[in-house]
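# What would the 3D arrangement of this be:
(chains A and B)
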Amino acid sequence: MRADVTTAERIGLTWLRAAVAPVGAFGRRHDDAVAPYGPGDETRARAEIAGVVALAERLDRDGVARVRAALRAVPEPAPILGRARAGDPLSDVDFYELGRFVDALAALARAWDAAAGAPERRPPSVEALRAVLAPGREGAGFYLADAFAPGLRGARAAFALEEAEYEARRGEIAARVRAVTGIDAVGDEFVVLRDDYAGPLPDGVFVVRETPTYRAAAVRVVAPDRDAALERLAIEEEGARRALAERVAREADAVAAATRALGALDRALARVAFAQRWGACVPELTEGRVAFAEATFAPLADALGARGHRYTALSLDLRGVAVLTGPNMGGKSAALATAGFLCACVALGVPPPAREASLPLPSAIVWIGGEGHEDRARLLSSYAAEVVRAGDALAVASPQTLVLVDEFARTTGPREGRALLIAVVEAVRARGTLALVATHFDGVAEAAGVPHLRIAGLRAETLDAVRASDLDAALDAINAAMDYRIVDAHARETDSDALALARLLGLDESVVDRARSLNERSTRS
Amino acid sequence: MYSLALAHAASVIVVGTAKNVGKTTTFNALRAVAMRRGIAIAVTSIGRDGEASDALDGEPKPRLRLAPGTLVALAAGLVPRTPALAILGSGAESALGTTVFARVVLPTMCEIAGPPTASAMRATIDRLRALGSGPVLVDGAIDRVAALAGGDDAVILATGAASGSTIARVAAVAAETIARLTIPGRDPQHERARVVRIAGALDGRDAEELLADARDATVVVEDPTRIAIRGALFDRLRAAVDLRCERPLRVVACTTSPRHPELVEGREAMLAPRALVEAVARATGLPAFDVVADLAA
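The predicted structure is shown next:
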């Protein structure tokens, strides 16, 4: 599904992508590899959505949050496994990190069980890798344990013996230094002031520097057997690491499969969390119709909720092309955006937030109306931007395209603007395109021969009694007075309720009264 | 010095007035005492320390010989391959890789470079404390000691000939550094009528403005490392205002290194060790030690 930047912003696609972003690297990788669903993908898209809805119904919200937190904590094993496969040496830190991966999967599985997840969808485990690392696991840590190679225990015992011998000899020399000079040689080097002691230093002490006032000395224990034991130990430990790395490399395919499963789970749970937050349904996926009942345009609902305002769910049944009219602030743009948003949801395998829905999988969604960032960057005026976008849309329009037109040509002269809009609607209809066209121009639907829908509008009796104290209160009052239902217009022209709204939004009463008078006079004539 | 530092602290950080003033030597001396007493300690470092030569100037530096049972926090890239360490956990990222927490199983020599930031160092010290029961020793850096401000950690200041060519100069540098690091914490009962809170560093311009407008005020900085002024200006400010910090440091001792790191006129240069340790103790009002010559004052 294609959507340019402006369209993606207007229909909430950008918001949606962020809202269903996976929490972990596996999920992001998985998501990057999955193209949005398009025409012909209906069966696969519906199956994914149905799976998400079933999961959302089964898992509790806190449980989902905990599973996602566990997913986020799974470390990335791929670079280590890649090196192991290439035959590069691994370090003990690498083995520790693989152990962390194994533990993180176990924690994830526990979180899944605690959330009452279905056994058949339980996150993967990598028991073979766990078994490979098991001798070295100390709690959450890792040690290259004796069990990893037959020669390790002996080499370590020999080195420890030589070390003890080394330390004993070093201690003897330090004791002689103390006895002769009175200096406690705690560090590797010590200084003997000639004022304190100028005699010979004990055997085993080497003078490092000498000046007229002091001698800097160090205890030196020559221990070739210890050095040899250390070298033997190094050979044994490297051999153990090499053998362990080879065993780890043999588990690389299983680990890769597990990370792919984690990616899929991450994607699914992101959608489950979305469904639990905003509601969900399993839609019918059919061409030529955008229909939904009690749908939520989640980006708007989210923004309204953040400001303490209530969102009113919308319903629509669009077949082919229709014109939508109605009052300002009545939700025409929201209806357009909701139609695009729900189509974007199903294209991404996200359950649409609606009680029920019948939606297409469009190949492209195009928004025409106003100007976007990219239009401003091209220094286009609103009108120019709309015309350019309309031209582009018509060039690619097909029955698989959803076109959303929001008050096209509102910034030009109303007579020519209306005519142009009618012509565009006719052209869209001729191409068999799905389109919803919001406008304040009169008679467009009838002129273009398409259905006319309207927002039911303000309940005037409610609104007239309202005196809002501030903008937030005014918005709440409008929200309470507005009937957002989309109904058949039955060829009746609709008011914009512009004057009533202007009064409520704080415009001077005398100005509003004067406008009302002018409007009535114009209507009578 | 070991007993003094750890009398009331679970961790000790050693910082220096300059490079090559015996900071790592002091750190190693503390470790050696713990080793001799059979105390299992935890060690880490700010920056790359413990390598055979200093990464910047090539000067020889003491290596760390770690005894079995020692806990260590170091960058993953510095974990010795032999003898193997027991890896216990991982933490913050650094230029040399993830910070790894490990326990020494067999005696080993290694480089230590811990996390690069003050906040990560605080977390590292706390994790080392949680992993073991012994004290945590940190080979630190004075500009990152802020992480320990306000805690129960002890600070030891290493000073030496690298910071001044005469005993008087070394003692003066030590005294000024101690004066800055030991700025007292806030005392609401005895604050002056006007309290000026300095966000971020207190620099020369701040100091001049305070001297012009806020004499007799209580001036509060976040911690002592935020004081970026030196010398006479610092002395004037400290005399004029009641200088305080939100999170004080607890400096418990100084160490001295009489050897100059560079040859002077082609010869090794060294200040008189006993006179130096006595002068630093006198100038700072703190116990001073020369851990190499086994002197104390």
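# any low-confidence regions in the chain?
All of this refers to chain A. Across chain A, the ranges flagged by pLDDT under 70 are A:186-188, A:375-380, A:460-470, A:490-496, A:522-525.
# Sorry, I should have been clearer: chain B.
Checking chain B against pLDDT under 70 turns up B:47-63, B:143-144, B:147-148, B:150, B:262-268.
# Tell me where it has helices.
B:2-5, B:23-36, B:118-131, B:167-181, B:204-213, B:231-240, B:273-284 (DSSP state H).
# Output those helices as JSON lines; include the columns mean neighbour count.
C-beta: built from backbone N, CA, C; applies to glycine. Shown next, in JSON lines, are the helices of chain B (neighbours: other C-beta atoms under 10 Å in any protein chain shown):
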{"stretch": "helix B:2-5", "mean neighbour count": "18"}
{"stretch": "helix B:23-36", "mean neighbour count": "24"}
{"stretch": "helix B:118-131", "mean neighbour count": "20"}
{"stretch": "helix B:167-181", "mean neighbour count": "20"}
{"stretch": "helix B:204-213", "mean neighbour count": "14"}
{"stretch": "helix B:231-240", "mean neighbour count": "14"}
{"stretch": "helix B:273-284", "mean neighbour count": "21"}
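# can you put the ones you listed in JSON lines and add distance to chain A?
Converted to JSON lines, the helices of chain B look like this (distance: least, C-beta to the nearest C-beta, whole Å):
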{"stretch": "helix B:2-5", "distance to chain A": "9"}
{"stretch": "helix B:23-36", "distance to chain A": "4"}
{"stretch": "helix B:118-131", "distance to chain A": "10"}
{"stretch": "helix B:167-181", "distance to chain A": "13"}
{"stretch": "helix B:204-213", "distance to chain A": "40"}
{"stretch": "helix B:231-240", "distance to chain A": "31"}
{"stretch": "helix B:273-284", "distance to chain A": "6"}
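# Out of the ones you listed, the one nearest residue A:120 is which?
helix B:118-131 (39.2 Å; C-beta to C-beta).
# That closest one packs against which elements?
Using 3 or more C-beta pairs under 8 Å, 6 or more residues apart in numbering or on different chains; DSSP states H and E, the elements in contact with helix B:118-131 are strand B:11-16, strand B:42-45, strand B:71-75, strand B:85-94, strand B:97-104, strand B:136-139.
# Looking at the ones you listed, spot the one closest to chain A.
strand B:85-94 (4.0 Å; C-beta to the nearest C-beta).
# Kindly state the domain boundaries assigned to chain A.
A:5-9+A:20-144+A:242-274, A:152-228, A:279-496 (automatic domain parsing).
# and residue B:253, which of these is closest to it?
domain A:152-228 (15.2 Å).
# First-to-last residue distance for the closest one?
One end of domain A:152-228 sits 15 Å from the other (C-alpha to C-alpha, to the nearest Å).
# One more: stretch A:486-500?
Termini of stretch A:486-500 sit 20 Å apart (C-alpha to C-alpha).
# can you give me the strands in the stretch 151-300 of chain A?
A:189-193, A:205-210, A:214-219, A:284-285, A:289-295 (DSSP state E, counting those that start in this stretch).
# for the fourth one, packing partners?
Pointing back at strand A:284-285 there. When contacts are defined as 3+ C-beta pairs under 8 Å, 6+ apart, strand A:284-285 sits against helix A:42-58, strand A:356-359.
# These: which one's closest to chain B?
Closest among those, once you apply C-beta to the nearest C-beta, is helix A:42-58, at 32.6 Å.
# Chain A contacts on the stretch 51-200 of chain B?
Listed as neighbours of chain A in the stretch 51-200 of chain B under the rule C-beta under 8 Å from any C-beta of the partner chain: B:62-63, B:65, B:76, B:79, B:81-90, B:97-98, B:100, B:105-107.
# For the closest residue to residue A:1 other than its chain neighbours, the count of nearby residues, please.
Setting aside the residues directly before and after it, residue A:1 is nearest to residue A:347 in space (C-beta to C-beta, 6 or more residues apart in numbering or on different chains), at 4.0 Å. Other residues within reach of residue A:347, judged by other C-beta atoms under 10 Å in any protein chain shown, total 25.
# got the contact list for residue A:347?
Residues near residue A:347 by C-beta atoms under 8 Å, 6 or more residues apart in numbering or on different chains: A:1, A:36-38, A:45, A:361-362.
# Of those, just say which sits nearest to chain B.
Distance to chain B across the contacts of residue A:347 (C-beta to the nearest C-beta) is lowest for residue A:36, with 34.7 Å.
# quick one: the residue sitting furthest away from the middle of chain A and residue A:209, what's the gap?
Centroid-distance maximum for chain A: residue A:199 at 75.1 Å, with C-alpha atoms, centre = their mean. As for residue A:199, its distance to residue A:209 is 18 Å (criterion: C-beta to C-beta, to the nearest Å).
# Now do the domain split for chain B, please.
Residue ranges for the domains of chain B, per automatic domain parsing: B:2-176+B:249-296, B:185-245.
# Make CSV out of these and add distance to residue A:91.
Shown next, in CSV, are those (distance: least, C-beta to C-beta, whole Å):
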stretch, distance to residue A:91
domain B:2-176+B:249-296, 7
domain B:185-245, 35
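# Which stretch among the ones you listed is buried most, on average?
domain B:2-176+B:249-296 (a mean of 21; mean count of other C-beta atoms under 10 Å in any protein chain shown).
# now the end-to-end length of it.
Terminal residues of domain B:2-176+B:249-296 are spaced 12 Å apart (C-alpha to C-alpha).
# follow-up on the earlier one: tabulate the strands of the stretch 151-300 of chain A (TSV), appending mean neighbour count.
Below are the strands of the stretch 151-300 of chain A laid out as TSV (neighbours: other C-beta under 10 Å):
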stretch	mean neighbour count
strand A:189-193	22
strand A:205-210	14
strand A:214-219	20
strand A:284-285	17
strand A:289-295	21
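# would TSV of those with distance to residue A:59 be doable?
Shown next, in TSV, are those (distance: least, C-beta to C-beta, whole Å):
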stretch	distance to residue A:59
strand A:189-193	64
strand A:205-210	69
strand A:214-219	66
strand A:284-285	24
strand A:289-295	23
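# right, and the ones you listed - which one's nearest residue A:276?
strand A:289-295 (16.5 Å).
# which strands and helices sit next to that closest one?
Strand A:289-295 packs on strand A:314-319, helix A:332-347, strand A:356-359, strand A:434-438, going by 3+ C-beta pairs under 8 Å, 6+ apart.
# Redo these as a markdown table? Include distance to residue B:242.
Shown next, in a markdown table, are those (distance: least, C-beta to C-beta, whole Å):
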| stretch | distance to residue B:242 |
| --- | --- |
| strand A:314-319 | 65 |
| helix A:332-347 | 61 |
| strand A:356-359 | 70 |
| strand A:434-438 | 68 |
